[in-house]
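Trainee: I'll drop the sequence and a predicted model, then ask my questions.
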Amino acid sequence: MLFLHVIFVCCLLVQILLCNADKVDVSQDDIDVESTRKELEEVQQKLKKIGETQKLLVDKLDMLVNLELEDKRVRRGVTSTQAPQICSFSLEYETDTTYYYRYLEIPTGSRRIDFEAKANNDVHIALSPSKSTSVLYEIVIGGWVNEKSAIRRCKQCKNKVTSKTTHYLSSNDFRRFWITFGGNGTIAVGRNSETAPFMEWTDPDPLSVQYLGYSTGWGSSGKFRFCSMEDHSPKADRIACHDSSCISCPEGPRGYPGPPGPPGRDGRDGRDSVAVSVTGNENSGCTPGSQVPTNTSGGSVYVRWGHNECPSHSQLIYAGLAAGPHYGTSGNGANQLCLPHPPDYNNPVAGIGTSRAFLYSIEYQIDNFPTLASRNWHDVSCAVCKAPSRFSQLMIPAKTACPSSEWTLEYSGYLMTERSHPSHKRSLYICVDHEMQGVERTHGANSLRGLLDLVEGRCSSSGGGLPCGPYIDGFEITCAVCTQ
């Protein structure tokens, strides 16, 4: 079958060349300069058309080869993927180093996306039911400094599958990829004309995919080329193209800068000549008259409780263990601290003082929750992370996702604090990562010093509690930490 297709294409190409060559007739006698020039122009136009026809035939042949290979895979019982589209990739879109999705509508009935990307690292593709949901498939190509790829079922959450993909991306040239979805819920990702995916995962509860989002970030900008997509990017104003291979056009060139804006308001007065940290932590390490650090890249700082690493899009400042007061003593502090190790001391006095506050490690106290039972009585780990170029940080109780695509999910988990008990003192509510990692030195034997317990919602239909309906009495409260 494939051999007959090849013979047909070759014969057609030869016929076109012969037919066009026969039409060129330049007489050797009585040459007229003007007529000769016109004939030469006609020849050039015909040669151009021949070249375009040749490219179309080569693309057709490439598609036929892939169809033949696909047919063989189906006969061998291998999972089928859709045939690649013949596309000129005339649509080109640019992204900056900010992680947020620009959306394209996927044509009805399509279950395959073909695209090209040029980026140094972290190409992100989202497949979602709508443009504003956080429930989606997130495909990361060339993450982790262009070393690894992953498939997720929500933005910046736990990886469902990963694949080693060293140097699959390049900032110097476009690299071609394809993604198939739908059917039995399998998401497959491949590259070039390879028929076997380099990464795939099957969702037991498939989403209805209608939109495709694209983004870069983490220090990398990028360029994307897609096949016949309708742009729904909020930042792009598209117009129709006359080219039949194109549905919408890329953005035009950037305009001239606008006039300067009005002066901003005066800043607030400082307090006692002490610098105040942008993170809200007054103990920022600055003293009156000290120089401002030369590193002004900025970003928000947060603690990832219950984990000793930061997400791939944030930077680890230090990892440590959670510490706080004894659960039953009055006085002391009320907040939890992420202690680094080793500590630094300044002229310590040996022995236990009588007029002191005391600091203990905090351990998980978990009962009647089977999926987290193995964490019970283990000390709580923590990591202090910096989110570069994202200056706002928010902990949202009772949510596992961020409010919109404008926010980046740092981590999600469970709301925890000291338990409700007459002999226990109050502490702050904190968001603990759903993995609830422990400190290696601990073995699950209780020390009953500082404690963290899950938080349950208590609802009431007549006031005095959380509203019943959206909140269910006795259910553990979740949480999410987001930056922007």
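Mentor: Perfect, I can see it now. Residues are numbered from 1 along each chain as shown.
Trainee: use CA for all of it now, contacts and neighbours both
Mentor: Noted.
Trainee: looking at this protein, which helix or strand is least sure?
Mentor: strand 230-231 (a mean of 46; mean pLDDT, DSSP states H and E).
Trainee: next SSE after that one?
Mentor: Following strand 230-231 in sequence order, the next helix or strand is strand 299-305 (DSSP states H and E).
Trainee: neighbouring contacts of that next one?
Mentor: 279, 310, 322, 338, 380-393, 411, 430-433, 436, 483 (CA atoms under 8 Å, 6 or more residues apart in numbering).
Trainee: where does the chain have low pLDDT?
Mentor: 1-33, 53-90, 133, 228-256, 267-297, 331, 422-423, 425, 441-448 (pLDDT under 70).
Trainee: can you map out the strands along the stretch 301-450 of the chain?
Mentor: 315-324, 337-340, 360-364, 381-388, 393-397, 408-417, 430-433, 450-454 (DSSP state E, counting those that start in this stretch).
Trainee: ok, which of the ones you listed comes nearest T97?
Mentor: strand 381-388 (10.7 Å; CA to CA).
Trainee: and the helices in this structure?
Mentor: 2-22, 33-75, 143-146 (DSSP state H).
Trainee: who are the packing partners of the last one?
Mentor: Contact partners of helix 143-146 among helices and strands, from 3 or more CA pairs under 8 Å, 6 or more residues apart in numbering; DSSP states H and E: none.
Trainee: pull the distance from that helix to the chain's centre.
Mentor: 12 Å (CA atoms, centre = their mean, to the nearest Å).
Trainee: and for stretch 112-131?
Mentor: 10 Å.
Trainee: now do the same end-to-end measure for it.
Mentor: 19 Å (CA to CA, to the nearest Å).
Trainee: from now on call the first residue 22
Mentor: New numbering, starting at 22: the last item is stretch 133-152.
Trainee: mind putting the strands of the stretch 322-471 of the chain into CSV with distance to E497 and mean neighbour count?
Mentor: Shown next, in CSV, are the strands of the stretch 322-471 of the chain (distance: least, CA to CA, whole Å; neighbours: other CA atoms under 10 Å):
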stretch, distance to E497, mean neighbour count
strand 336-345, 21, 20
strand 358-361, 23, 19
strand 381-385, 15, 25
strand 402-409, 21, 24
strand 414-418, 11, 18
strand 429-438, 7, 24
strand 451-454, 12, 24
strand 471-475, 7, 24
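Trainee: nearest to V156, out of those?
Mentor: strand 429-438 (12.3 Å).
Trainee: tell me what the closest one is packed against?
Mentor: So strand 429-438, by 3+ CA pairs under 8 Å, 6+ apart, packs with strand 451-454, strand 471-475, strand 499-504.
Trainee: number of nearby residues for the closest residue in space to G203 that isn't next to it in sequence?
Mentor: Distances taken as CA to CA, 6 or more residues apart in numbering place R132 nearest to G203, at 6.0 Å, with adjacent residues excluded. R132 sits with 18 neighbouring residues when counted by other CA atoms under 10 Å.
Trainee: surely R132 is in contact with T201?
Mentor: Yes: counting by CA atoms under 8 Å, T201 is a contact partner of R132 at 5.6 Å.
Trainee: only alpha carbons, please: show stretch 450-459 as PDB.
Mentor: Only the C-alpha atoms of stretch 450-459 are listed here, as PDB (Å, rounded to 0.1, in the frame of the first residue of the first chain):
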ATOM      1  CA  TYR A 450      -3.500  27.900  61.900                       C
ATOM      2  CA  ILE A 451      -0.900  26.900  59.300                       C
ATOM      3  CA  CYS A 452      -1.200  25.100  55.900                       C
ATOM      4  CA  VAL A 453       0.700  21.800  55.900                       C
ATOM      5  CA  ASP A 454       1.700  20.100  52.700                       C
ATOM      6  CA  HIS A 455      -0.500  17.000  51.900                       C
ATOM      7  CA  GLU A 456       2.700  14.800  51.800                       C
ATOM      8  CA  MET A 457       3.300  15.600  55.500                       C
ATOM      9  CA  GLN A 458       7.000  14.700  55.400                       C
ATOM     10  CA  GLY A 459       8.700  13.900  58.700                       C
END
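Trainee: got the contact list for it?
Mentor: For stretch 450-459, using CA under 8 Å, 6+ apart, the contacting residues are 325-329, 396, 399-402, 416, 418, 432-438, 499-502.
Trainee: check contacts around Y339.
Mentor: Applying CA under 8 Å, 6+ apart, the residues contacting Y339 are P361, A404, V405, C406.
Trainee: distance to Q231 added to those residues, as a markdown table?
Mentor: Output for these, formatted as a markdown table (distance: CA to CA, whole Å):
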| residue | distance to Q231 |
| --- | --- |
| P361 | 46 |
| A404 | 37 |
| V405 | 38 |
| C406 | 35 |
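Trainee: G374: which of those residues is nearest?
Mentor: P361 (22.8 Å).
Trainee: quick one: contacts for that closest one?
Mentor: Y339, A340, G341, L342.
Trainee: same check on K179?
Mentor: Counting by CA under 8 Å, 6+ apart, K179 touches R173.
Trainee: separation between it and Y432?
Mentor: Distance from K179 to Y432, by CA to CA: 9 Å.
Trainee: again with G459
Mentor: 17 Å.
Trainee: quickly note the distance from R212 to N142.
Mentor: Counting by CA to CA, the gap from R212 to N142 is 16 Å.
Trainee: before we move on, back to that, now, among the contacts of Y339, which is nearest to E113?
Mentor: Among the contacts of Y339, and counting by CA to CA, the member closest to E113 is C406, at 34.8 Å.
Trainee: what's the separation between the residue nearest to that closest one when sequence neighbours are not counted and S382?
Mentor: Counting by CA to CA, 6+ apart, L337 is the residue found nearest to C406 once chain neighbours are left out, at 4.7 Å. L337 is 21 Å from S382, where distance means CA to CA.
Trainee: next one: G320
Mentor: From G320 to S382 the distance is 29 Å (CA to CA).
Trainee: then L430?
Mentor: In terms of CA to CA, L430 sits 28 Å off from S382.
Trainee: same question, A138
Mentor: 48 Å.
Trainee: and what of P150?
Mentor: P150 is 44 Å from S382, by CA to CA.
Trainee: try E477
Mentor: From E477 across to S382, the span is 23 Å (CA to CA).
Trainee: how about P361?
Mentor: 12 Å.
Trainee: which neighbours do the two have in common?
Mentor: Joint contacts of P361 and S382 (CA under 8 Å, 6+ apart) are L342.
Trainee: compare R212 and N142 (neighbour count), which wins?
Mentor: N142 (27 against 18).
Trainee: doesn't S170 make contact with the more buried one?
Mentor: No: if you go by CA under 8 Å, N142 and S170 don't touch, sitting 10.2 Å apart.
Trainee: neighbours of the closest residue to V453 other than its chain neighbours, how many?
Mentor: Nearest residue to V453 in three dimensions, chain neighbours excluded: W326, at 4.7 Å (CA to CA, 6+ apart). Residues contacting W326 under the criterion other CA under 10 Å number 29.
Trainee: same question for S56.
Mentor: S56, neighbours per other CA under 10 Å, totals 11.
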